[in-house]
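**Student:** This is a predicted model, with the sequence first.
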4 protein chains.
Amino acid sequence: MARGRKVNSNGERSKQLLREKAIELFASNGYYQTKISDIVKAANVTQPTFYLYFDSKDSLFIDLNEQFQLNLFRLFEEHPGQNVAHFHQVIINLLQYFSENPLLTKIGLYQSEESYLVKERLVEKFEHILERQKQYFSKLEQMDIHIISQSLVGSIERLTFTLLLTNKKTVDQLTEELLSIYFVKEELLTYAR
Amino acid sequence: MARGRKVNSNGERSKQLLREKAIELFASNGYYQTKISDIVKAANVTQPTFYLYFDSKDSLFIDLNEQFQLNLFRLFEEHPGQNVAHFHQVIINLLQYFSENPLLTKIGLYQSEESYLVKERLVEKFEHILERQKQYFSKLEQMDIHIISQSLVGSIERLTFTLLLTNKKTVDQLTEELLSIYFVKEELLTYAR
Amino acid sequence: MARGRKVNSNGERSKQLLREKAIELFASNGYYQTKISDIVKAANVTQPTFYLYFDSKDSLFIDLNEQFQLNLFRLFEEHPGQNVAHFHQVIINLLQYFSENPLLTKIGLYQSEESYLVKERLVEKFEHILERQKQYFSKLEQMDIHIISQSLVGSIERLTFTLLLTNKKTVDQLTEELLSIYFVKEELLTYAR
Amino acid sequence: MARGRKVNSNGERSKQLLREKAIELFASNGYYQTKISDIVKAANVTQPTFYLYFDSKDSLFIDLNEQFQLNLFRLFEEHPGQNVAHFHQVIINLLQYFSENPLLTKIGLYQSEESYLVKERLVEKFEHILERQKQYFSKLEQMDIHIISQSLVGSIERLTFTLLLTNKKTVDQLTEELLSIYFVKEELLTYAR
DNA sequence: TATGAATGAGTATTCATTCAT
DNA sequence: CATGAATGAATACTCATTCAT
């Protein structure tokens, strides 16, 4: 009945491990079907250890989501040049981010109950971008920018989960396709440079 | 409350009521956060009454999903003319169906764990349709039909939840927008008649 | 939703049918694993019908046991001649009774929680008989009649369930064996006539 | 009562306590009338604690039965000398075992639904023993060994429950009686030395 | 830092029994 | 005589969380 600190144990490592295992399990099984007992089993520690580093199951989940959102929306802040290239670049950055954080993306964009807020914010971001670029695309003028943005977010979400995170398509391939769906290609080519 | 039969009680009515309340609760709170106790409270009966009509919480949920899917895929069987109008009509029928069954749609297309299978099947349906109509659209020839279908399903899902089920847009408005996003409008108008 | 009396239905018949099905089910599955719902299903009536004829599950079970016991102990009252033949005859009657009422025997001698009382009474009966016949058997004189009676009842119970009710042996065969176990055969033969 | 670990608590002790209380309750009330809530109340712990140590009510019951059977049939393996003394010794060992484990015996030989299997195996064991000892007893030659074994097991069961476990007779007394019932005493005495 | 041990509060499900028709 | 419909009271089992060491 040995108790107390494991030899070779290390707080940060345990916390990180728990976090990783939690991400894996939340991503593949969802919030409700992931038990604390599953997480600690995967991390090879006991349940009280979990509470040493996280306040609760819920707070950990919220943490993960915040991390996902923070990094996600940072992508929209970094580009000063507000032209067509911006839009192109944003898509690439987005897909790149999803591709590099597949599990967190699954959680933050799909499993979480507040993922719908994330997507609402994404829609707003795209609205701003499209609004500014209206001038370049005859197509946009005739259409409701809000609807286009919503549709675009739907497309991105779906392509991400079915083709990007499954490694069936690359970031570049999907970006290309998205642009050709949402914009007349020739125009795009013209202005994108 | 005394035991036994209620005055004026009727089995079919009780079952229907339970079903409706279950749909409402599953749609707004999700599977795991909807308790049998919530459902029966909403229907003003006791827990054993639930089991009089349904085998389990799970089997009821599965039932609802099957009903949703059955009616959904029936929409794809009814149109003999395989031209552009078909595509147009399918989108209208789909949105119409979602619009008429908002809660079941939320369950079957979003809450359910097998909603991803439904969407996969939708993608396949669209692939078939687009494949047949390839000839009419120069745009289609250059693009991957699978990706377009995926994107389309993503768009439909998102527009449905954010604009259709919230009554912000009509079926016709969204159909129009979807067509103009996924097809060059002029071509469409030409061939659609 | 037809309700009320079935055509061709008959109270006595329903009651008898319920009783029979209950006996079958109690005998094979035991009291706790036999549900009222099982009984009525087997009898092809509804649950309230059960309560039309019996007060409760428990009271029916008690009834069955009382019937079993009544007929059982009647077997001990009918024989005026108090000699060795009496003993022989009692065994035969007992086994005969068990053999003719296999299901009720299973219930009353095995499933019931008060079966131990039945067996206690059987032991007493045998004690009386053996007490009176002590004189004829040298073997008996040296032994504790109570223990012999207990042992005899144990033997009878076991042989009944494993060999009589399974039709592997006849009443006569088992009687013969029991007598030869519990009495020296030659003596028996001598006095039994 | 506060949550978490009790002062001075010890897992093995709790488990053992639950086991003991379960044995007591199963033995006196039977499987179906023993509720988990009864067991934990008797052990002064809460329900989740029960599941900390046992998988389910059923699995605990099965465990107890297996323990009973394991120790029981071990009694038959230990005697190399295959003569009359063996038989004598087996009876003594058996009764000794029952006498030392009265509650477990009640469960394993009476309450359990698979107790009939245990008794079947006991019958087989006795058949083997008697088969080998046939030569010594003229009585055995004329009789069906299977029936004798069945009868013997019935006798043992009954004497155990009514006289041994109630402390009315000792192991030795009952062994003596059983031998004198099932064998002609003089012969026995002759060969047993 | 970490564990062994325990629990409060649910949570789905079952069953005998009863009332209204 | 019989049924359709309903319920009170359990009952086994689960899970996030916490205390003592």
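**Tutor:** That came through, no problem.

**Student:** got the domain boundaries for chain A?
**Tutor:** The record's domain parsing of chain A by automatic domain parsing lists A:11-54, A:63-192.

**Student:** Least reliable of those domains by average pLDDT, please.
**Tutor:** Per-stretch mean pLDDT for the domains of chain A is lowest at domain A:63-192 (a mean of 86).

**Student:** now that domain, how far from the chain's geometric center?
**Tutor:** How far domain A:63-192 lies from its chain's middle: 10 Å, per C-alpha atoms, centre = their mean, to the nearest Å.

**Student:** As TSV, the domains of chain A with distance to DNA strand F would be great.
**Tutor:** All C-beta spots, glycine's among them, are computed from the backbone N, C-alpha and C. As requested, these are exported to TSV (distance: least, C-beta to the nearest atom of the strand, whole Å):
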stretch	distance to DNA strand F
domain A:11-54	4
domain A:63-192	13
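
**Student:** Which stretch among those domains approaches chain D most closely?
**Tutor:** Chain D lies closest to domain A:11-54 among those, at 9.3 Å (C-beta to the nearest C-beta).

**Student:** Endpoints of the closest one, how far apart?
**Tutor:** For domain A:11-54, the first and last residues are 12 Å from each other (C-alpha to C-alpha, to the nearest Å).

**Student:** again, but for stretch A:106-123
**Tutor:** End to end - C-alpha to C-alpha - stretch A:106-123 spans 18 Å.

**Student:** Among the domains of chain A, which comes closest to B:Ile36?
**Tutor:** Distance to B:Ile36, taken as C-beta to C-beta, is lowest for domain A:11-54 among those, at 15.5 Å.

**Student:** Following element in sequence after the helix or strand where A:Ile156 lies, please.
**Tutor:** With elements taken from DSSP states H and E, the one containing A:Ile156 is helix A:145-159. Beyond helix A:145-159 on the C-terminal side, the first helix or strand identified by DSSP H and E is helix A:171-182.

**Student:** all helices for chain A, in order.
**Tutor:** For chain A, the helices defined by DSSP state H occupy A:11-29, A:36-43, A:47-53, A:57-74, A:84-100, A:102-106, A:115-133, A:138-142, A:145-159, A:171-182, A:185-192.

**Student:** touching chain B at all, the fourth one?
**Tutor:** No. With C-beta under 8 Å from any C-beta of the partner chain as the threshold, helix A:57-74 lies outside contact range of chain B, at a closest distance of 12.6 Å.

**Student:** what does that helix contact?
**Tutor:** The set of residues external to helix A:57-74 that reach it, using C-beta atoms under 8 Å, 6 or more residues apart in numbering or on different chains, is A:19, A:22-23, A:26, A:31, A:36, A:54, A:94, A:97, A:101, A:104-105, A:107-109, A:112, A:114, A:118, A:121-122, A:125.

**Student:** CA atoms only: put it into PDB for me.
**Tutor:** The C-alpha coordinates for helix A:57-74 follow below in PDB (Å, rounded to 0.1, in the frame of the first residue of the first chain):
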ATOM      1  CA  LYS A  57     -13.900  17.900 -15.600                       C
ATOM      2  CA  ASP A  58     -15.900  20.900 -16.800                       C
ATOM      3  CA  SER A  59     -13.200  23.400 -16.200                       C
ATOM      4  CA  LEU A  60     -10.600  21.400 -18.000                       C
ATOM      5  CA  PHE A  61     -12.900  21.100 -21.000                       C
ATOM      6  CA  ILE A  62     -13.500  24.900 -20.900                       C
ATOM      7  CA  ASP A  63      -9.800  25.400 -20.700                       C
ATOM      8  CA  LEU A  64      -9.200  23.300 -23.800                       C
ATOM      9  CA  ASN A  65     -11.800  25.200 -25.600                       C
ATOM     10  CA  GLU A  66     -10.400  28.600 -24.600                       C
ATOM     11  CA  GLN A  67      -7.000  27.500 -25.700                       C
ATOM     12  CA  PHE A  68      -8.400  26.500 -29.100                       C
ATOM     13  CA  GLN A  69     -10.300  29.700 -29.500                       C
ATOM     14  CA  LEU A  70      -7.500  31.900 -28.400                       C
ATOM     15  CA  ASN A  71      -5.100  30.600 -31.000                       C
ATOM     16  CA  LEU A  72      -7.800  30.400 -33.600                       C
ATOM     17  CA  PHE A  73      -8.800  34.100 -33.400                       C
ATOM     18  CA  ARG A  74      -5.300  35.200 -33.200                       C
END
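
**Student:** residues of it that come out buried?
**Tutor:** Applying a neighbour-count criterion of 16 or more other C-beta atoms under 10 Å in any protein chain shown, the buried positions in helix A:57-74 are A:Lys57, A:Leu60, A:Phe61, A:Leu64, A:Asn65, A:Gln67, A:Phe68, A:Gln69, A:Leu72.

**Student:** could these go into a markdown table alongside distance to B:Glu157?
**Tutor:** Putting the buried residues of helix A:57-74 into a markdown table (distance: C-beta to C-beta, whole Å) gives the following:
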| residue | distance to B:Glu157 |
| --- | --- |
| A:Lys57 | 29 |
| A:Leu60 | 29 |
| A:Phe61 | 24 |
| A:Leu64 | 24 |
| A:Asn65 | 21 |
| A:Gln67 | 26 |
| A:Phe68 | 21 |
| A:Gln69 | 21 |
| A:Leu72 | 20 |
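
**Student:** Looking at those residues, point me to the pair that's furthest apart.
**Tutor:** Largest separation among those by C-beta to C-beta: A:Lys57 and A:Leu72, giving 22.7 Å.

**Student:** Tell me what angle the helix holding A:Ile156 forms with helix B:145-159.
**Tutor:** On the basis of axes from the mean of the first three to the mean of the last three C-alpha atoms, to 10 degrees, helix A:145-159 is oriented at 130 degrees to helix B:145-159.

**Student:** nearest to DNA strand E, of the buried residues of helix A:57-74?
**Tutor:** Distance to DNA strand E across the buried residues of helix A:57-74 (C-beta to the nearest atom of the strand) is lowest for A:Lys57, with 11.8 Å.

**Student:** How much space separates that closest one from D:Glu20?
**Tutor:** Separation of A:Lys57 from D:Glu20 (C-beta to C-beta, to the nearest Å) stands at 36 Å.

**Student:** cool, A:Asn44 as well?
**Tutor:** Counting by C-beta to C-beta, the gap from A:Asn44 to D:Glu20 is 33 Å.

**Student:** Over to A:Leu122?
**Tutor:** For A:Leu122, the distance to D:Glu20 equals 62 Å [C-beta to C-beta].

**Student:** Compare the two and say which is more crowded by neighbours.
**Tutor:** The residue with more neighbours, out of A:Leu122 and D:Glu20, is A:Leu122; 22 against 14, by other C-beta atoms under 10 Å in any protein chain shown.

**Student:** so who does the nearest residue to the more buried one once chain neighbours are set aside touch?
**Tutor:** Leaving aside its chain neighbours, A:Leu122 sits nearest to A:Val153 (5.0 Å; criterion: C-beta to C-beta, 6 or more residues apart in numbering or on different chains). Listed by C-beta under 8 Å, 6+ apart, the contact set of A:Val153 reads A:Lys119, A:Leu122, A:Val123, A:Phe126, B:Arg158.

**Student:** Now for the second one: which residues touch it?
**Tutor:** This points to A:Leu122. A:Leu72, A:Val153, A:Ile156.

**Student:** Please apply the same query to the fourth one.
**Tutor:** The neighbourhood of A:Phe126, defined by C-beta under 8 Å, 6+ apart, consists of A:Ile148, A:Ser149, A:Leu152, A:Val153.
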